[in-house]
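> sequence plus the predicted model coming up.
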Amino acid sequence: MRDLARIVGTEHVLEGEQLEDASASRGISGRARALVRPASAEQVAAVFAWCYAHDVPLIARGGATGFSGGAVPRSGDEVVLELGRLDRVLAFDPGLWRMHVQAGLSTRHVARIARESGLFYPPDPGAAEQSQIGGNIATNAGGPHTFKYGSTGAWVTGLEACLAPGELVRIGGPQRKDAAGYDLRGLLVGSEGTLGIVTAAWLRLIPAPLQRQVACACYPDARTGCAGVRAVLEAGVQASALEYLDAGALAAAPRDGLAGEFAVIAEADAAGVLPELLEALAPGAISLVEADPAEIWRWRDGVSIAVTARRGGKLSEDICVPLDRLEAAIEGTVAIGVRHGLEACSWGHAGDGNLHSTFLLGPGESADDAAQELFELAAALGGTVSGEHGMGQVKRPLHLDSAARAANAAIKRALDPKGLLNPGKKVFDL
Ligand SMILES: Cc1cc2nc3c(=O)[nH]c(=O)nc-3n(C[C@H](O)[C@H](O)[C@H](O)COP(=O)(O)OP(=O)(O)OC[C@H]3O[C@@H](n4cnc5c(N)ncnc54)[C@H](O)[C@@H]3O)c2cc1C
């Protein structure tokens, strides 16, 4: 504690803090040996070097909105580096469509600065007010607009990060392309604090779309609705978001004008796209209307809360399957619920094949076995156990074959030879 206090100041080291993240509803909580709040990348590096020299495990913690317990200690021996004080905009060049920010800046702040200059930072994960750019990079966070614009990693051209045994490195930068060396930027994106700690990022921006229009289609069942989703792709028209809700999600979050067992929401943000979306979605639809985008997204943001309210609790996962298996994953989610005596539903990013498969829970109920079966379903359908929330301490990469596991383990050993970075997370049992 004395050594750490010398680096960051006594008031920025707390002993024995009990910590949680958005996985707290699964009962995940852990005590940090020390919670440290650095004010600069140099202080991050000094704490990192001290931990590496003394064989002390180390966890990066952003806004603590993660759903997988990634920022929560497991053993009680860990030093947790909370990055919220690294919240400066280091450079903003609107004329060059780019921003250089520290890792602790909130997602909303980045989006707002861009918007005020007529620019657009497309990644739109749901907890933008609290989540940090560093946490978004570490989980490769996505959202509804990932379908057109890609996840967070697609907008990162460079990183400053602290790597073992405690050195700051610059990877990429403000340049928009980089074909030199291995893609270390890509390795750190989605690495959940297990390979290094991100201290700053160069972000790419684009001009803000001039318009947004939304089509809402309702269908009698998942089969017809999924055909509607595929019809949008087959029409060769680029929706900026392509979302769905199944019958259970619609029952939990009813909305005027959405009748039927399955809804598809398709957003257009370029001229001429909406009529093509309406035409593609029409076959088999019970209703098809244009909706107010601000209003529909506000309602969509509340779906998760409405589903929780139905029975008081829920376990929600984020499996992702090839688009031609979307219907099987949606129906499979409900069938798993039935087998485990749990009400189940799903909604999510239809265009990406990314489902928020959810089991509703009353007091004392658990869905751990149902979730395990869900992960097996994702693997069997040729998909992944996580499309956007990461693995943390709640998921295992059972969809990876042995060669892919060995490659993951080799990367972990190469970048974290002492195994001190966020132990027990992501790839620990490969
Ligand atoms: C209401 C709600 C809605 C959400 N919606 C979405 C959504 O639409 N899409 C989505 O993808 N996620 C969503 N999430 C999950 C969560 O917001 C994202 O995973 C987010 O990217 C986590 O960022 P954070 O700053 O809170 O990170 P934390 O939760 O603090 O940490 C997450 C992981 O990243 C690591 N980490 C954090 N900062 C750094 C860093 N600087 N360097 C290295 N590693 C680091 C941690 O060690 C941990 O493993 C949602 C969560 C909530 C509560």
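Structure received. Residues are numbered from 1 along each chain as shown.
> secondary structure element holding residue 328?
Element membership for residue 328 (DSSP states H and E) is helix 326-339.
> chain center to that helix: distance?
With CA atoms, centre = their mean, to the nearest Å as the basis, helix 326-339 stands 22 Å off its chain's centre.
> ok, now stretch 210-229?
In this view, stretch 210-229 has its centroid 23 Å away from the chain centroid, taken as CA atoms, centre = their mean.
> list the buried residues in it.
Neighbour counts using 16 or more other CB atoms under 10 Å place 212-219, 221-222, 224-229 of stretch 210-229 among the buried residues. (C-beta placed from N, C-alpha, C; glycine too.)
> backbone torsions only: list them for the residue in the stretch 151-300 of the chain that the ligand sits nearest to.
In the stretch 151-300 of the chain, the residue that lies nearest the ligand is residue 193 (3.0 Å; CB to the nearest ligand atom). The phi and psi torsions at residue 193 (degrees, to the nearest 10) take the values phi 70, psi 20.
> tally of neighbours for it?
Per other CB atoms under 10 Å, the neighbour tally for residue 193 reads 27.
> would you confirm that it contacts residue 422?
Yes - assessed by CB atoms under 8 Å, residue 193 is found in contact with residue 422 at 4.3 Å.
> overlap of the contact sets of these two?
When contacts are counted by CB atoms under 8 Å, 6 or more residues apart in numbering, residue 193 and residue 422 have 59, 60, 70 as shared neighbours.
> looking at these, which is nearest the ligand?
residue 70 (2.5 Å).
> which residues of this structure lie near the ligand?
Neighbours of the ligand within the chain, by CB under 6 Å from any ligand atom: 21-22, 59-67, 70-71, 83, 103, 125-127, 131-132, 134-136, 138-139, 141-143, 192-193, 197-198, 388-389, 392, 422, 425.
> what about the buried residues of stretch 210-229, which are in strands?
Among the buried residues of stretch 210-229, DSSP state E puts 213, 214, 215, 216, 217, 218, 219 in strands.
> pull the contacting residues for residue 25.
Applying CB under 8 Å, 6+ apart to residue 25 gives the contacts 313, 314, 315.
> I'd like those as JSON lines, with neighbour count and distance to residue 117 appended.
Output for the contacts of residue 25, formatted as JSON lines (neighbours: other CB atoms under 10 Å; distance: CB to CB, whole Å):
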{"residue": "313", "neighbour count": "18", "distance to residue 117": "42"}
{"residue": "314", "neighbour count": "23", "distance to residue 117": "39"}
{"residue": "315", "neighbour count": "22", "distance to residue 117": "41"}
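> which one of those residues is nearest the ligand?
Nearest to the ligand, judged by CB to the nearest ligand atom, of those is residue 314 at 12.3 Å.
> residue contacts, the closest one?
25, 307, 308, 358, 359, 360, 361.
> SS state for it?
strand (DSSP: H, G, I helix; E, B strand; the rest coil).
> residues of stretch 86-93 that come out buried?
So for stretch 86-93, counting by 16+ other CB under 10 Å, buried means 86, 87, 92.
> just to revisit the earlier point, would you turn the ones in strands among the buried residues of stretch 210-229 into CSV with pLDDT?
Formatted as CSV, these follow (pLDDT from 0 to 100):
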residue, pLDDT
213, 98
214, 98
215, 97
216, 97
217, 97
218, 97
219, 98
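> quick check: buried residues in stretch 113-128?
113-114, 117, 119-128.
> which of these fall within strands?
Short answer: the buried residues of stretch 113-128 in strands (DSSP E) are 119, 120.
> just put the buried residues of stretch 113-128 in TSV and tack on pLDDT.
Below are the buried residues of stretch 113-128 laid out as TSV (pLDDT from 0 to 100):
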residue	pLDDT
113	98
114	98
117	97
119	98
120	98
121	98
122	98
123	98
124	95
125	96
126	93
127	95
128	96
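> of the buried residues of stretch 113-128, which is the nearest to the ligand?
residue 126 (2.6 Å).
> name the nearest residue to residue 378, ignoring sequence neighbours.
Leaving out its chain neighbours, the residue that sits closest to residue 378 by CB to CB, 6 or more residues apart in numbering is residue 319, at 3.8 Å.
> dump the residue contacts of the nearest residue to residue 23 once chain neighbours are set aside.
With sequence-adjacent residues excluded and distances taken as CB to CB, 6+ apart, residue 23 is closest to residue 69, at 4.3 Å. Residues near residue 69 by CB under 8 Å, 6+ apart: 21, 23, 26, 28, 30, 392, 393, 394, 425.
> next one: residue 288
215, 216, 217, 218, 278, 281, 282.
> and the helices in this protein, which stretches?
2-8, 41-53, 107-116, 133-139, 146-149, 184-188, 222-234, 247-252, 273-281, 293-301, 303-311, 326-339, 368-380, 402-415 (DSSP state H).
> deepest of those helices, which one?
Ranked by mean neighbour count, the helices of the chain are led by helix 133-139 with a mean of 30 (mean count of other CB atoms under 10 Å).
> now it: how far from the chain's centre is it?
On CA atoms, centre = their mean, the centre of helix 133-139 falls 8 Å from that of its chain.
> which stretches of this protein aren't confidently modelled?
428-430 (pLDDT under 70).
> if we use 90, what do you get?
25-26, 256-260, 396-401, 427-430 (pLDDT under 90).
> residue in the protein nearest to the ligand?
Counting by CB to the nearest ligand atom, the chain gets nearest to the ligand through residue 135 (2.0 Å).
> state the distance from the nearest residue to that residue once chain neighbours are set aside to residue 223.
Among residues not flanking residue 135 along the chain, residue 62 sits closest, at 2.8 Å (CB to CB, 6+ apart). Counting by CB to CB, to the nearest Å, the separation of residue 62 from residue 223 is 40 Å.
> same question, residue 100
Distance from residue 100 to residue 223, by CB to CB: 48 Å.
> now do residue 391
For residue 391, the distance to residue 223 - CB to CB - is 31 Å.
> again, but for residue 367
26 Å.
> do the same with residue 402
If you go by CB to CB, the gap between residue 402 and residue 223 works out to 36 Å.
> same question, residue 91
Distance from residue 91 to residue 223, by CB to CB: 51 Å.
> is it true that residue 79 touches residue 38?
No - at 10.8 Å, residue 79 does not count as touching residue 38 under the criterion of CB under 8 Å.
> quickly list what's touching both of those two.
With CB under 8 Å, 6+ apart as the test, residue 79 and residue 38 both reach residue 47.
> who's more crowded, the two?
residue 38 (27 against 22).
> which residues does residue 208 contact?
114, 115, 118, 119, 120.
> if we use 7 Å, what do you get?
115, 118, 119, 120 (CB atoms under 7 Å, 6 or more residues apart in numbering).
> who touches the residue lying closest to residue 93 once chain neighbours are set aside in this structure?
Using CB to CB, 6+ apart and skipping the chain neighbours, the partner closest in space to residue 93 is residue 99 (7.5 Å). Neighbour list for residue 99: 89, 92, 110, 113, 114, 203, 205 [criterion: CB under 7 Å, 6+ apart].
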